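Peer 1: what follows is a predicted structure for the sequence shown.
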Amino acid sequence: MVSAVDENSRKVSVVTLGCARNETDSEELAARLDQGGWSLTEESDDADVIMVNTCGFIEQAKTESIDTLLAASDTGKKVVATGCMAQRYGDELAGSLPEADAVLGFDHYPRIAERLDQVLAGETVTSHRPTDRRKMLPVSPVQRQDNDTVVPGHSRESQADSAAVDQSAPAHLTVMRRRLSSGPVANLKIASGCDRRCTFCAIPSFRGSFISRHPDEIVAEAEWLASDGVRELNLVSENTTSYGKDLGDPDALVGVLKRLADIDGIEWIRLSYLQPAELRPALITAMGTIDQVVPYYDLSFQHSASEVLRRMRRFGSTETFLALLDQIRSYDPNAGARTNVIVGFPGETEADVDELADFLDRAQLDATGVFAYSDEDGTAAVELDGHVDQDVVDERVSRISALVDELVTQRAAERIGETVDVLVESVADDGVDGRAAHQAPEVDGTTALVGDVDDLRVGDMVTAQVVDAYGVDLTAEVIEVSR
């Protein structure tokens, strides 16, 4: 485990914005900082430095990142920006935001403790200079091992060094991670980057091409998490269904799932960020037949009208997506499914919106995120013709959002009477809450447990019957408890 740090050492508060991948990156940074003599504090008032792990995906996320950095600077503490926005804009961000004492990219991560030492000492740290990482990261696993480009979460020997949590492990199996939250659930990054070139997305330019972690490395980290009381693993990446293709085995994820299922203590394995066009039959079968893999499908549809999808450089249609959902539900009719959709993409017509609405009505999804299209720097969609007027975009977003609210409420109500497995996450005087298998952490609602709940503890697995629903949230009566 991570070594203890003297209470009088310098202190850092880590603030994480954005997605689950960012959360795992923050925990890698926390391990490196701990090994470098920094102690972690949750209170910014106690910190010498506030490090903000920013998000740079869409305009709303970038605005939140800027606001958080400015709020941190108001405390009078030293402020450091890391993460996707820092990686994406680097010295440009530093020039426009003098309130930040340093803007550090991924290549700073192996020496993050030293960089914060410099910041605390009042020294100038050269800001990250952005480059297109799609051109920097080779595809070949052999080449990748020798490449010095830092990929957060990948424990290559050149990056492992003294930040390893388990000093006895081989370099490629070291766990560079310190958990920043307790509890029975943890994210586990299985890959970084993306090889797809969706016209609306800038992620490949600053996260780089798709790189799978070695299966042994994933299993080693999962075993470490299990030893820390984790019962649910949430496998994350920019595109989980691409796992293994750069390792020469497009079905490698099936083997990883089987190995993870054999780890003592791991009860649930959840997959996130599935690309429908890459969801191979072998993976669908594995997800439907491995007991520990929860029946939950986070499917990145983005739209259902085929012409819009082609302009997005994506594949599929309303009918192919519905057929995929039918295939998934052939293993479990009650399987959970969620998606995100973009409304107002250049060239989108009223007929396309009608088709999307029809798809959502027929798909019976448990949760759907609705996003308004906006131009992103450096993406191909900026140059497309047919940009939709903003007032029309807003109207379409309102329409689809209202439909989604109605549909997910209906879907949750249909689960009344269903028997569900629930992982207990909170036990308090005012009630016991957890999540059913079809509810991912933070995004898909919760399940309140009633009945015989007096002896329940965080981390318990409960079989319960759904007795009520409110929006996406459920209430279920306890039938049986397992520990």
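Peer 2: Received it, and whenever you're ready, just let me know what you need. Numbers count the residues shown, from 1 in each chain.

Peer 1: for the rest of this, base every contact and every neighbour count on C-alpha atoms.
Peer 2: OK.

Peer 1: now residue 344. Nearest residue, chain neighbours left out?
Peer 2: Nearest non-adjacent residue to residue 344, counting by Cα to Cα, 6 or more residues apart in numbering: residue 393, 4.9 Å away.

Peer 1: now do the contacts for the one you found.
Peer 2: 343-344, 372-373 (Cα atoms under 8 Å, 6 or more residues apart in numbering).

Peer 1: quick one: buried ones out of these?
Peer 2: Neighbour counting by 16 or more other Cα atoms under 10 Å classes 343-344, 372-373 among those as buried.

Peer 1: make JSON lines out of those residues and add distance to residue 386 and secondary structure.
Peer 2: Formatted as JSON lines, these follow (distance: Cα to Cα, whole Å; DSSP: H, G, I helix; E, B strand; the rest coil):
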{"residue": "343", "distance to residue 386": "13", "secondary structure": "strand"}
{"residue": "344", "distance to residue 386": "10", "secondary structure": "coil"}
{"residue": "372", "distance to residue 386": "15", "secondary structure": "strand"}
{"residue": "373", "distance to residue 386": "13", "secondary structure": "coil"}
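
Peer 1: could you chop this protein up by domain?
Peer 2: Per automatic domain parsing, the structural domains of the chain span 11-130, 183-414, 419-482.

Peer 1: so which of the contacts of residue 393 is the closest to residue 106?
Peer 2: residue 373 (27.8 Å; Cα to Cα).

Peer 1: quick one: distance of the strand or helix carrying the residue nearest to residue 344 to the chain centre.
Peer 2: Element membership for residue 393 (DSSP states H and E) is helix 390-414. Distance of helix 390-414 from its chain centroid, counting by Cα atoms, centre = their mean, to the nearest Å, is 23 Å.

Peer 1: list the buried ones in the helix or strand that comes right after that helix?
Peer 2: Downstream of helix 390-414, the first helix or strand assigned by DSSP H and E is strand 419-428. By 16+ other Cα under 10 Å, the buried positions in strand 419-428 come out as 419-427.

Peer 1: need the helices for the stretch 301-450 of the chain, in chain order.
Peer 2: In the stretch 301-450 of the chain, helices defined by DSSP state H, counting those that start in this stretch lie at 306-311, 318-329, 350-363, 390-414, listed in chain order.

Peer 1: now do the helices in the stretch 151-300 of the chain.
Peer 2: For the stretch 151-300 of the chain, the helices defined by DSSP H, counting those that start in this stretch occupy 157-160, 203-207, 215-227, 252-261, 281-289.

Peer 1: need the winner for burial among those helices.
Peer 2: For these, the largest average neighbour count (mean count of other Cα atoms under 10 Å) is found in helix 203-207, namely a mean of 22.

Peer 1: any idea of the mean pLDDT in it?
Peer 2: Averaged over helix 203-207, pLDDT sits at 84.

Peer 1: now the helix holding residue 393: average pLDDT?
Peer 2: 97.

Peer 1: having no further points to raise, I will conclude here.
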